[in-house]
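K.L.:
Could you work out the structure for the sequence below:
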Amino acid sequence: MQLCEVFRGLGEERFTNLLKRVSMGRLRTYQLFERLRVRCHLNKLNSEHLRKASPRLWARLQEGDEELAQDLSQGILVTHLDMIIEVLNHIGIPHQDGFFSKDIDPKQYLTGDWQQKAFDVFRDKYPAEVLLFYLNHLAAESGAREEVFQP
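P.N.:
Residues are numbered from 1 along each chain as shown. Coordinates of the predicted model:
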């Protein structure tokens, strides 16, 4: 499953809500700010411009712009590292502050109805669209699932 498919599967409203939650400070900390600004074709990157660009970005995702999907995913995920750490701990995937090493195959830990179980544990603690995005992103990146998870 491609990341564009994850975004499309969650829908435009959830996509817009995900963009509203991107932290400009976290983008700068993880050196993603300029990369995302350029990828989104924005002269100035801030929360307002990102939100206003949402319809154009959505259209590009609909067309299958996987590079945009990758950069947006990174921006969304670094904003929510605290959630990622908790989810990975819950699932039991070894990681270093939310990132797992390249030699670990996370698919071996993603068995049964892991997405539903993780969603049930964390749905009251984190925004649903962020949690759903991460669970689907993890499945897409590991090859653990071929369709978008919707509880």
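K.L.:
Just the element for Met138, please.
P.N.:
If you look again at residue 138, you'll see it is Leu, not Met. Per DSSP states H and E: Leu138 is located in helix 128-142.
K.L.:
Go ahead and measure how far that helix is from the middle of the chain.
P.N.:
6 Å (C-alpha atoms, centre = their mean, to the nearest Å).
K.L.:
Over to stretch 28-36?
P.N.:
On the basis of C-alpha atoms, centre = their mean, stretch 28-36 sits 15 Å off its chain's mean C-alpha point.
K.L.:
Give me the residues contacting that stretch.
P.N.:
The contact list for stretch 28-36 (C-beta atoms under 8 Å, 6 or more residues apart in numbering) reads Met24, Leu27, Leu45, Asp71, Leu72, Gln74, Gly75, Val78. Just so you know, the C-beta spots here come from the backbone N, C-alpha and C atoms, and that holds for glycine as well.
K.L.:
Which of those residues fall in helices?
P.N.:
Residues of the contacts of stretch 28-36 located in helices (DSSP state H): Met24, Leu27, Asp71, Leu72, Gln74, Gly75, Val78.
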